[in-house]
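> Dropping the sequence and predicted coords here.
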Amino acid sequence: MRVRICAVGRLNARAPEAALIDDYLSRLGQTGRALGLGPASVTEVEDRKAAGGPGAMAAEAALLSRQIPDGAAVVALDERGRLLTSPDLAAQLGRWRDDARGEAVFLIGGADGLDPALRDRADLVLSFGKMVWPHMLARVMLAEQLYRAATILAGSPYHRA
């Protein structure tokens, strides 16, 4: 099962967050290969907030929707979502993999979040807590948790309960 992070906005390739994301997704690819997880990638779509107007969130949702293949498991990151433990996330990824879902797509919205219609379409709405995180840090945290999920499924000592 391929794993993709689809995010609104562009991350500078030289940003420190980019190096962390690349590292964790590379590790996921190595660990997940034997588990049927990966490869992992990041897809960025244009931030429409700069264009302004009430339709900006819907325009971002349309761009994100085009990145979701048929049959993919969709996870929306949102502060109102469910709080999961790392083992819970790993178990969910394992179930989707075992159910032959070809891809898991994780959506990170723009400055105003995800359009409600797109959020409602998700198989899972996931929260990293009640605090609001900068989108670039959310990407890093998600990449690390995806790698952690692979290590949990592999029985690796990386995750210590």
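Thanks, I have it. Numbering: from 1, shown residues only.

> only C-alpha atoms for contact and neighbour calcs from this point on.
OK.

> quick one: contacts for Ala73?
For Ala73, the contacting residues are Trp96, Arg101, Glu103, Ala104, Val105, Ala122, Asp123, by C-alpha atoms under 8 Å, 6 or more residues apart in numbering.

> So for stretch 55-75, what gets flagged as buried?
56-61, 63-64, 67-68, 72-75 (16 or more other C-alpha atoms under 10 Å).

> So which of those residues is the closest to Tyr24?
Checking the buried residues of stretch 55-75 against Tyr24 with C-alpha to C-alpha, the nearest one is Val75 at 18.5 Å.

> nearest to Val8, of the contacts of Ala73?
Val105 (13.3 Å).

> Remind me which helix or strand the closest one belongs to.
Element membership for Val105, per DSSP states H and E: strand 103-108.

> separation between Ala56 and Asp47?
Separation of Ala56 from Asp47 (C-alpha to C-alpha, to the nearest Å) stands at 8 Å.

> got the angle between the strand or helix carrying Gly94 and strand 103-108?
Under the criterion of DSSP H and E, Gly94 resides in helix 86-98. Here helix 86-98 runs at an angle of 140 degrees relative to strand 103-108 (axes from the mean of the first three to the mean of the last three C-alpha atoms, to 10 degrees).

> neighbours around the residue lying closest to Leu146 once chain neighbours are set aside, how many?
Using C-alpha to C-alpha, 6 or more residues apart in numbering and skipping the chain neighbours, the partner closest in space to Leu146 is Leu28 (6.9 Å). One way to gauge burial is a neighbour count; for Leu28, by other C-alpha atoms under 10 Å, it gives 25.

> likewise the one 5 residues further on?
If you count neighbours by other C-alpha under 10 Å, Arg33 ends up with 15.

> what do you get for Gly29?
22.

> I'd like to know how far it sits from Asp22.
10 Å.

> other SSEs contacting the helix or strand where Leu63 lies?
Using DSSP H and E, Leu63 maps to helix 56-65. If you count contacts as 3 or more C-alpha pairs under 8 Å, 6 or more residues apart in numbering; DSSP states H and E, helix 56-65 packs onto strand 2-8, strand 40-45.

> now with 10 Å?
strand 2-8, strand 40-45, strand 103-108, helix 116-121 (3 or more C-alpha pairs under 10 Å, 6 or more residues apart in numbering; DSSP states H and E).
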